[in-house]
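Student: Generate a structure from the sequence data that follows.
(2 chains)
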Amino acid sequence: MKVTLEYFGMLREAAGLNQEDLELPEGADAQSLVQFAAERHGEPLRSLLLSAQEVPHPWLLIAIDDVVESHQVELAQGSHVLLSSPISGG
Amino acid sequence: MCPGELTDGDRARYQWQLGVSGFGEEGQARLKAASVLVSRVGGLGSPVAYELAAAGIGRLVLAHAGNLRADDLNRQLLMTDDWIGKPRVQCAARRIRELNPDLEVVAIDANISDANAAELVGEVDLVVDCAPLFEERYAMNEAAFAKGIPIVECAMYDLDLTITSQQQGRTRSLRELVPQPPVHWKREFPVFGAVSGTVGCLGAMEAIKILAGFGEPLWNRMLMMDLRTMSTRLVTLPTP
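Tutor: A predicted model of the protein is given here:
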């Protein structure tokens, strides 16, 4: 299935692009999408997405079709997924 | 005269906003009776505090430690070049008093921490979080939740910004959304003053809406803007 992955903030900078269309196996969840993106782009994006245990950082915000969901939620054909790492003020 | 009761001088000063739909004299009186903590008053907090002062918030508590540096001046709009080397928060308070001498302005030369959060948050009706470090933000957010008052969470990076509003019983807290500080977040990051100014104005408008009781604040929603492409997303957050 095809999903659109959009990066926000530091993740966009690390990925070097705003968004991309990706082909994933049917039934893939948000966590597997993050792992796929980390593998596809390598460093520095990988460290921003995954912990030492190779799972998404607990602070990673994942919005699917503009609704923030758990990292285990299943994706669907045509899903728009927004990934963001928290930013702050100053 | 009751707290928040408008004078003829108030009506003259704020006449351009008194006509805003859903606001009116009742909203203005609520702003006049309100007290808001803004921390810090740098690139983000400067426009927040300035817009709140212009709008007529009765009492502003400004918290920010340290002396002004030359590299603050690309974004910290309440500062002036002649103030370099002197306490930032005093410069911010001076500029706000020049804009609106009717307000009470309290300048605290300290950042928010676990040691002072409960005391400073305890004396206000709303908090606007403009702090760069997650430890500060957690302390402020937890104090606001403990008191049950609203807190507006503003953030930026590069040309991106986010804003959401939170309150005990109505939304999740900052720590529920961000369970631990992101390890890669750095105190210094790339930003234009126009970006911090944009989110600062949005944060001030959130505070005004919440205090005056009109419009639709960003409860359980986060506005995310990319000013590089001028794209905007309004995402729904998990509820409590």
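Student: And the residue of chain B closest to chain A?
Tutor: With C-beta to the nearest C-beta as the measure, the residue in chain B that lies nearest chain A is B:Pro132; the distance is 3.4 Å. Heads up, the C-betas are built off the backbone N, CA and C, glycines and all.
Student: How many residues are close by whichever residue of chain A sits closest to chain B?
Tutor: Proximity to chain B, evaluated over chain A using C-beta to the nearest C-beta, is greatest for A:Gly90 at 3.4 Å. Number of residues near A:Gly90 (other C-beta atoms under 10 Å in any protein chain shown) recorded here: 23.
Student: That one in helix, strand or coil?
Tutor: Secondary structure state of A:Gly90, per DSSP: H, G, I helix; E, B strand; the rest coil, is coil.
Student: just B:Glu51 next, same as before
Tutor: State at B:Glu51, reduced to three classes by three-state DSSP: helix.
Student: and the gap between it and B:Glu123?
Tutor: 21 Å (C-beta to C-beta, to the nearest Å).
Student: ok, now B:Met225?
Tutor: 32 Å.
Student: B:Glu51 and B:Glu123: which is more packed in?
Tutor: It is B:Glu51, of B:Glu51 and B:Glu123, that has more neighbours when counted by other C-beta under 10 Å, with 19 against 12.
Student: what secondary structure does the closest residue to that one other than its chain neighbours sit in?
Tutor: Distances taken as C-beta to C-beta, 6 or more residues apart in numbering or on different chains place B:Ala204 nearest to B:Glu51, at 3.6 Å, with adjacent residues excluded. Applying three-state DSSP to B:Ala204 yields a three-state assignment of helix.
Student: ok, for B:Val106, nearest residue in space, not its chain neighbours?
Tutor: Nearest non-adjacent residue to B:Val106 (C-beta to C-beta, 6+ apart): B:Val61, at 4.5 Å.
Student: Is it correct that the one you found is in contact with B:Leu37?
Tutor: Yes: the pair B:Val61 / B:Leu37 is scored as a contact, 4.5 Å apart, by C-beta atoms under 8 Å.
Student: Looking at these two now, which is surrounded by more residues?
Tutor: Neighbours were counted for B:Val61 and for B:Leu37 using other C-beta under 10 Å; B:Leu37 has more, 28 against 20.
Student: ok, the residue of chain B closest to chain A to B:Gly24 distance?
Tutor: When C-beta to C-beta is applied, the distance between B:Pro132 and B:Gly24 equals 37 Å.
Student: Would you mind listing the residues in contact with the residue of chain A closest to chain B?
Tutor: A:Gly90 makes contact with B:Arg40, B:Gly42, B:Gly43, B:Leu44, B:Cys130, B:Ala131, B:Pro132, B:Met156, B:Arg187, B:Phe189, B:Val191, B:Ser196 under the criterion C-beta atoms under 8 Å, 6 or more residues apart in numbering or on different chains.
Student: Which residue is the nearest non-sequential neighbour of it?
Tutor: With C-beta to C-beta, 6+ apart as the measure, B:Pro132 is the residue that lies nearest to A:Gly90, at 3.4 Å, once sequence neighbours are left out.
Student: quick revisit: secondary structure, pLDDT and neighbour count for the contacts of A:Gly90 - can I get that in TSV?
Tutor: Below are those laid out as TSV (DSSP: H, G, I helix; E, B strand; the rest coil; pLDDT from 0 to 100; neighbours: other C-beta atoms under 10 Å in any protein chain shown):
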residue	secondary structure	pLDDT	neighbour count
B:Arg40	coil	94	30
B:Gly42	coil	95	25
B:Gly43	coil	95	28
B:Leu44	coil	96	33
B:Cys130	coil	97	34
B:Ala131	coil	96	29
B:Pro132	coil	94	22
B:Met156	strand	95	31
B:Arg187	coil	75	8
B:Phe189	coil	83	15
B:Val191	strand	90	22
B:Ser196	helix	96	28
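Student: Can you add distance to B:Gln168 and give those residues back as CSV?
Tutor: What follows is the contacts of A:Gly90, written out as CSV (distance: C-beta to C-beta, whole Å):
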residue, distance to B:Gln168
B:Arg40, 23
B:Gly42, 27
B:Gly43, 28
B:Leu44, 23
B:Cys130, 20
B:Ala131, 19
B:Pro132, 24
B:Met156, 25
B:Arg187, 29
B:Phe189, 30
B:Val191, 30
B:Ser196, 27
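Student: Closest one of the residues you listed to A:Phe36?
Tutor: B:Phe189 (27.4 Å; C-beta to C-beta).
Student: isn't that closest one right up against B:Tyr157?
Tutor: Yes: counting by C-beta under 8 Å, B:Phe189 does reach B:Tyr157; the two are 5.5 Å apart.
Student: Tell me the pLDDT of residue 81.
Tutor: Reading this off chain A. Model confidence at A:Val81, expressed as pLDDT, equals 97.
Student: Sorry, I should have been clearer: chain B.
Tutor: If you check B:Asp81, the pLDDT there is 97.
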